[in-house]
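> sequence and predicted structure, then a few things I'm wondering about:
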Amino acid sequence: MKNNDALYFGVTRFSVYSPKSSGWNLSSQYSERDYIDNLYSDERLSARFDIFINYSLPIYASYAEKYSYRHIVIYSEEMPYVWKEKLYKAASKFPFVCLCKSEEGIYDISGFMKKLVQEQAKSSCLVLQFRVDDDDVLSSEYIDELSKYASKSFVGMSVSFGSGIAAKYRENVFTNFRSVRKHFLALGLATVGEYDKHKEELWFPDSLNKNHIETDLYRPVIVDSRKPVYIWTHHDFQDTDAKSPKDSVNSRLLSYKPLSDNSSCIHSFPTLSNDYAKYRSDAVIVYSLGSSVASEDGMVKFSAVDMSSPGLYKIDYSFYLSSPLRMNSRGLVLCLAKSEEVSVEGMSLSKRKDIGWFKYVSVGSERVFGECEFYLRSGVGDDGVLYLKRWGYQGEFLVDQFSVRYLGR
């Protein structure tokens, strides 16, 4: 046995055919034929296989080198053979992967895991299992962090790691990396159990199959958000968003702050380091203010901003207020012209034509720094116009920095 004598199991449901399940959007939204076609479509599975085999498994292989670790992949007999063959090859390449077959959504994960424990355990020991979807990625330090809770005093408890990174997956590449702090996500949600060698019994709480969001209603939960330990993938073929429009991926990501600490991403997620480096290097400045500009009648206009490409844009700005003001979350508004011709995610659409798409700018001191991100579904040409206008603040202001960067699709 390796490190601390505990056994660790990752569990991934790999596009399991579950026609009677109410917990999966794909199974509840479509007829059975359409459900199967969507579940096993080339677009959906090619994304998952790329992420799981090329991004996730090489990281999980490092777990097996350091710990007694197995990764159980539950798959369906109904999966087309061309895709099952890819799973068989992955299990051959990564010997710690154990395939558990399901038929019409029925499988015995407890019995399957118990057999693996009996093969490995030479004495009674702790057993820790965790969930991770086929399109998400855990960090190289995940089990290092989880092993801190491999203790008899935590048996029967779960561990929720709250800190991670959200990213967009598109055309075999991860982009748009964001910092996330969210508790009780399924990815990386772990539970501490134990195996009694004498009785040959493997024990975990009976409530493991409950909704992960409600974990703390059924058993004590340790919440640890000190390090980012997961990549929460957002893409167009996500089951949890099967009822939402595809472009909602961009809106969801814009609700999280951009990732600022690149070292944590590169160090903890080595398979994504090239994607992240490319994402940062591909950023293009499409507008930069040459010199300070004073407002006239409470407005500054920025003309000839090249926003001809659809995708993500980021604005960095700073300005001085001419008169003091108490904190006002709606002091100014940042506006995008051509509102009738473009759809913008990350901004709101005003009924006033002189406002158009906008985002409030918070003010509360003489010097104001800030940033704004928005996603254009289609470009607005190379003559786009942006404005800063006063709203709750009634004085004038001096803009000394205003730059627009294009961050790609």
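It's in. This one's a predicted model, so the numbers in the text were calculated from it and none came from an experiment. Numbering: from 1, shown residues only.
> surely residue 74 and residue 13 touch.
Yes: counting by Cβ atoms under 8 Å, residue 74 touches residue 13, with 4.9 Å between them. All C-beta spots, glycine's among them, are computed from the backbone N, C-alpha and C.
> all helices for the stretch 101-250 of the chain, in order.
Applying DSSP state H, counting those that start in this stretch to the stretch 101-250 of the chain gives helices spanning 109-120, 142-146, 248-254.
> nearest to residue 317, out of these?
Between residue 317 and the helices of the stretch 101-250 of the chain, the tightest spacing by Cβ to Cβ is seen for helix 248-254, at 17.2 Å.
> how about that closest one: buried residues?
Residues of helix 248-254 classed as buried: 249, 250, 252, 253, 254 (neighbour count, 16 or more other Cβ atoms under 10 Å).
> what sits up against it?
Residues outside helix 248-254 that contact it (Cβ atoms under 8 Å, 6 or more residues apart in numbering) are 166-168, 176, 178, 234-236, 238, 241, 312, 345-346, 373-375.
> what's the spacing between the closest residue to residue 296 other than its chain neighbours and residue 319?
Using Cβ to Cβ, 6 or more residues apart in numbering and skipping the chain neighbours, the partner closest in space to residue 296 is residue 396 (7.9 Å). The gap separating residue 396 from residue 319 is 10 Å, by Cβ to Cβ, to the nearest Å.
> quick one: which of these two has more around it?
residue 319 (24 against 17; other Cβ atoms under 10 Å).
> list the contacts for the more buried one?
Contacts of residue 319 were listed using Cβ under 8 Å, 6+ apart, and they are 367, 368, 388, 397, 398, 399, 400, 401.
> cool, residue 331 as well?
By Cβ under 8 Å, 6+ apart, residue 331 lies in contact with 325, 360, 361, 362, 363, 364, 368, 390, 391, 392, 393.
> what's the nearest residue to the third one if we skip its chain neighbours?
Translated: residue 361. Distances taken as Cβ to Cβ, 6+ apart place residue 332 nearest to residue 361, at 4.0 Å, with adjacent residues excluded.
> where does the stretch 1-150 of the chain have low pLDDT?
Low-confidence segments of the stretch 1-150 of the chain (pLDDT under 70): 1-4, 20-30.
> please redo it, this time with the cut-off set to 90
1-5, 18-38, 103-106 (pLDDT under 90).
> can you give me the strands for it?
7-13, 68-76, 97-102, 125-131, 137-138 (DSSP state E, counting those that start in this stretch).
> the shortest one pairs with which strands?
Put plainly, it is strand 137-138. The strands beside strand 137-138 in its sheet (DSSP bridges) come out as strand 230-234 (antiparallel).
> what's in contact with the strand it pairs with?
Residues contacting strand 230-234 (Cβ under 8 Å, 6+ apart): 51, 55, 132, 135-139, 142, 161, 164-169, 174, 180, 182, 185, 187-188, 249, 252-253, 269, 272.
> and if we set it to 7 Å?
Applying Cβ atoms under 7 Å, 6 or more residues apart in numbering, the external contacts of strand 230-234 come out as 51, 135-139, 161, 164-169, 180, 185, 187-188, 249, 252-253, 269, 272.
> which residues does the closest residue to residue 220 other than its chain neighbours contact?
Closest residue to residue 220 apart from its sequence neighbours, by Cβ to Cβ, 6+ apart: residue 157 at 4.6 Å. Neighbouring residues of residue 157 by Cβ under 7 Å, 6+ apart: 192, 219, 220, 221, 222.
> wait, the second one sits on residue 205?
The one in question is residue 219. Yes: taking Cβ atoms under 7 Å as the definition, residue 219 is a contact partner of residue 205 at 5.1 Å.
> what touches both of these two?
Common neighbours of residue 219 and residue 205, counting by Cβ under 7 Å, 6+ apart, are residue 156.
> flag the shaky bits of the stretch 201-350 of the chain, pLDDT-wise.
Within the stretch 201-350 of the chain, the segments meeting pLDDT under 90 span 206-212, 236-252, 258-267, 280-282, 303-304, 308, 322-329, 336-343.
> just the ones of the contacts of residue 319 in helices?
In helices, judged by DSSP state H, none of the contacts of residue 319 are found.
> tell me which two of those residues sit farthest apart.
367 and 388, at 14.7 Å, using Cβ to Cβ across the contacts of residue 319.
> neighbour count for the two, which is higher?
Of the pair residue 367 and residue 388, residue 388 is the one with more neighbours under other Cβ under 10 Å, namely 22 against 11.
> chain neighbours aside, what residue packs nearest to the more buried one?
Residue nearest to residue 388 in three dimensions, not counting chain neighbours: residue 300, with 4.8 Å by Cβ to Cβ, 6+ apart.
> count the neighbours of the one you found for me.
Neighbourhood size, residue 300 [other Cβ under 10 Å]: 22.
> repeat that for the one 4 residues further on.
Taking other Cβ under 10 Å as the criterion, the count of residues near residue 304 is 10.
> that's a helix at it, yeah?
No: Residue 304: not assigned to a helix; according to DSSP: H, G, I helix; E, B strand; the rest coil it is strand.
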